[in-house]
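Undergrad: Below is the sequence, then the predicted model.
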Amino acid sequence: MPLGHQHFHLHRINISGNQMGNFPLFMSEGTAQTTKKKKLRKKSSSKNRKKPLKDSSAIQTWRIFGVEVDPDLLGPSDGQERNARRGKPDDESSINEKIPVDQLYLSQPVLDSLLKRLKIKDISQNLSLPSQIKAVRVIRRSLDARKKKVLKEGPRYTHVIDVDMTNQAMMDLRLKNQPGRNEIVTPDMNELYDESPSIDNVTNRKPKVIIVGAGPAGLFCALALAQSQQCTPILLERGQPVESRGKDIGRLINRKIMSEDSNFAFGEGGAGTWSDGKLTTRIGRNSRNVRKVLETLVQYGAPEKIMVDGSPHLGTDNLVKLLRNMRIELRRLGGEVHFGAKMTKVVIDGDKVVGVNVEYSAANERGVVPEEMRPDGTKETMYGDAVVLATGHSARDVYEELHKAGIQLEPKGFAAGFRVEHPQRVINKIQYGDSWGRSAFSGKKKTDEWNDVFFPLSEEEGNHEGRLPVSSYRLATDKAFDGEMNRGAYSFCMCPGGQIVPTSTQADEVCVNGMSFSRRDSLWANAALVVTIAPDDPILEEYREKHGILAGIEFQRDMERRAAIMGGGNFIVPVQRLTDFINEVPSKTAPSSSYRIGVKPSACHEIYPKAMVKSLQDAVKNHFEKSMPGFLCEDALLHGVETRTSSPVRICRDSETLQAIGKSGLYPSGEGAGFAGGIVSAAVDGLVVADGILEDLLSVSHNSDTTTTERKKREKSVGFDY
């Protein structure tokens, strides 16, 4: 049987010396003799003698980067990956045995590539390893489909692997610490999240912390506080729980009836629930809080492979399930969760925020009877010892209320543009080429057949055995010329095998986003194509004159209303072929679109200011098309508009206390506050704020040195903005 078709169950490779027999040394005999001759030429002095290792048998972990494997060597599919998806074992012996996540992608081809990388020769084919190497673990796997200009190779799976070995093996292999190639794993590289510290001198009454918004920042903040058992988190969400939110979204898609507080933007889980569920972040995959976020997601139902995948994603279907599990756990720990609870005002006493005004609408939560909920129309003032604002970037009424209340805000950069959609098979062809494009596999019969017919078999190239995920892309340039200056332009939130959805929160606005289910098996691929807008951008001049700090919000609204008028109302989206956009010609026809409410061929180049249009045209024509030949084509369809890539306003907060500047007791958090971008960084910021509350509000007994260290760690962990 060919090697690529074998299935190996490697749950932990621990091989002792007696299994090796007479295993050859790392250097061949000829190499050893040559080395010996060279040594004889040297003077026999103590200066030239190698000092013996203090403990040659001590174990160290080395992280090896860039271990590449040809997908064909893995066969028609990864054995472990296929079974993880289908829930079926490969053989009888593995029926009751769960594969550890760090062994999920471990197979003979991966081991062969690792040993080749370490320059270990003459390895047998029965998975034997030198006795000095004790264990191997796959930390991350990603697909590299970039064109190799020199080698002209096809796609490669690239692995990051941890290898446990003795100090003697390290010397024999002549391993050196080279960042990004071979690294010694220090304890803080895989540091686990510390348990909440014990709190001294706390009164019997548990402090109450009000958390506004049940997106990633709010949820993870609430969970961390509840797990500490030192305070009672009260989570307020203006929208509905996921099970009811799905019904509201169905009414919008099928009947064009929108709930302003329960839609693609508002509701349990935030805007990211109906998205691709990307878990990528620029914070660092191995940082303490990022690992904590991923581990928590797995704990509540996410697939374990997100811990090792290079570009992990959840998909809407997985997010819906785990959000409900998190809600149940939060209540079990003593926290409160209220849906249909819209914050209308922050309550301020002097320079301290002491609570919020809340207005309730009818909520529909599975397993909770109406008598246990606040009646529709109820208003109340809720007091707490701290208030966390984690409302998301679409809660424009919150920014306006904060501005009126004298909370310090500042404008920040953001980006706006369109969402572009291609047939997925076109992106497969661009990224994988004719030879490998046919190997892109979604698991859905219609999609895969549609892809297959696009790539006729070639006798010269043959048919590859390996399977690849449907392809994605990332594009960016800082030289998108607008006629006067260069701007940044980039793709954002790329959804392979996805669909375009409406994220409007008002009936007179049209705004779109992309989403995918976990299998990414639709016929289309979409991504935002956006242009950067600086706080002092000339584009915003007229908006600054009228709206001051909130200029960016008014700009977003204006563009969304223009798109709604162009589409004709009822959430119909104006569309334009990308080729027509470049030539500034209104589209008369349009290819099929995944946007289910309806599209209208239009002149989308007339929506935005001329400088933005010119920048995007230049980016596509002179940069993106060069990076991905074929990207600019008749089948590429722009959908207008995508304006809510991030918040155009930041709530100013102290970098040490994490409280709003000038108003104690108020903790801005997450993407809407301007301190994160994406699911993971928002969740991390929620954890950071929870830590700040436990330390600052409840006077955790740290000595001054420890407190300073913790604050510095916290500042480094805070999320980023786009």
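TA: Structure received.

Undergrad: Could you use CA atoms for every contact and neighbour count after this?
TA: Will do.

Undergrad: so where's this protein uncertain?
TA: 1-54, 77-98, 122-130, 132, 147-152, 186-204, 285-286, 369-372, 459-462, 699-722 (pLDDT under 70).

Undergrad: what's in contact with stretch 421-438?
TA: 145-146, 154-155, 440, 450-452, 454-455, 461, 463-464, 470-473, 496-497, 522-527, 593, 628-631, 635-639 (C-alpha atoms under 8 Å, 6 or more residues apart in numbering).

Undergrad: same thing with stretch 356-365?
TA: So stretch 356-365 is in contact with 238, 240-241, 243-244, 339-347, 370, 373-383, 387, going by C-alpha under 8 Å, 6+ apart.

Undergrad: if we can go back for a sec, out of the contacts of stretch 421-438, which sit inside strands?
TA: Judged by DSSP state E, strands contain the following of these: Pro496, Gly497, Trp524, Ala525, Asn526, Ala527, Leu637, Leu638, His639.

Undergrad: which residues sit in contact with the residue nearest the centre of the chain?
TA: The centroid of the chain falls nearest to Leu279 when counting by C-alpha atoms, centre = their mean (2.2 Å). By C-alpha under 8 Å, 6+ apart, Leu279 lies in contact with Ser311, Pro312, His313, Leu314, Gly678, Ile679, Val680.

Undergrad: quick one: the strands in the stretch 601-722 of the chain?
TA: Counting by DSSP state E, counting those that start in this stretch, the stretch 601-722 of the chain has strands at residues 637-642, 649-651, 666-668.

Undergrad: looking at the ones you listed, which is buried most?
TA: Stretch with highest mean neighbour count among the strands of the stretch 601-722 of the chain: strand 637-642 (a mean of 31; mean count of other C-alpha atoms under 10 Å).

Undergrad: Measure how far that one is from the centre of its chain, please.
TA: Distance of strand 637-642 from the chain centroid (C-alpha atoms, centre = their mean, to the nearest Å) equals 23 Å.

Undergrad: Same check on stretch 491-508?
TA: 16 Å.

Undergrad: Next, count neighbours for Arg137.
TA: Residues within reach of Arg137, counting by other C-alpha atoms under 10 Å, total 22.

Undergrad: Ala405 too?
TA: 13.

Undergrad: Grab the nearest non-local neighbour of it.
TA: Residue nearest to Ala405 in three dimensions, not counting chain neighbours: Val346, with 7.7 Å by C-alpha to C-alpha, 6 or more residues apart in numbering.

Undergrad: Likewise for Glu421?
TA: Distance criterion C-alpha to C-alpha, 6+ apart; nearest residue to Glu421, sequence neighbours excluded, is Asn526 at 4.2 Å.

Undergrad: so the one you found touches Ser471, yeah?
TA: No: Asn526 is not in contact with Ser471 according to C-alpha atoms under 8 Å; the separation is 11.2 Å.

Undergrad: These two: which is more packed in?
TA: Shown here are Asn526 and Ser471; by other C-alpha under 10 Å, Asn526 has more neighbours (33 against 24).

Undergrad: which residues touch the more buried one?
TA: Counting by C-alpha under 8 Å, 6+ apart, Asn526 touches Arg419, Val420, Glu421, His422, Met494, Cys495, Pro496, Gly498, Gln499, Ile500, Gly514.

Undergrad: picking that back up, among the contacts of stretch 356-365, which are in strands?
TA: Among the contacts of stretch 356-365, the members found in strands (DSSP E) are 339, 341-347, 379-383, 387.

Undergrad: Beta-bridge partners for Val212, please?
TA: When assigned by DSSP bridges, Val212 has beta-bridge partners Leu236, Leu389.

Undergrad: what sits against it?
TA: Val212 makes contact with Gly218, Leu235, Leu236, Glu237, Met343, Val387, Val388, Leu389, Ala390, Thr391, according to C-alpha under 8 Å, 6+ apart.

Undergrad: Show me which of those residues is closest to Thr61.
TA: Among these, Gly218 lies closest to Thr61 (C-alpha to C-alpha), at 36.3 Å.

Undergrad: Neighbours of the nearest residue to that closest one once chain neighbours are set aside, how many?
TA: Using C-alpha to C-alpha, 6+ apart and skipping residues adjacent in sequence, the residue nearest Gly218 is Ala390, 5.4 Å away. Ala390 has 31 neighbouring residues, counting by other C-alpha under 10 Å.

Undergrad: what's the answer for the one 5 residues further on, then?
TA: A count of nearby residues for Ala395, using other C-alpha under 10 Å, gives 18.

Undergrad: Likewise for Pro456?
TA: The number of residues packed near Pro456 is 12, by other C-alpha under 10 Å.

Undergrad: quick one: terminal-to-terminal distance for stretch 660-679?
TA: Using C-alpha to C-alpha, to the nearest Å, the end-to-end distance of stretch 660-679 comes out at 22 Å.

Undergrad: What residues of that stretch count as buried?
TA: Going by neighbour count (16 or more other C-alpha atoms under 10 Å), the buried part of stretch 660-679 is 660-661, 663-679.

Undergrad: same question, stretch 294-311
TA: Within stretch 294-311, the residues that qualify as buried by neighbour count (16+ other C-alpha under 10 Å) are 294-298, 300-310.

Undergrad: now do stretch 510-519
TA: Buried residues in stretch 510-519, counted by 16+ other C-alpha under 10 Å: Val510, Cys511, Val512, Asn513, Gly514, Met515, Ser516, Phe517, Ser518, Arg519.

Undergrad: The first one should be in a helix, yeah?
TA: Going back to what we said before, that points to Val510. No: counting by DSSP: H, G, I helix; E, B strand; the rest coil, Val510 is located in no helix; its state is coil.
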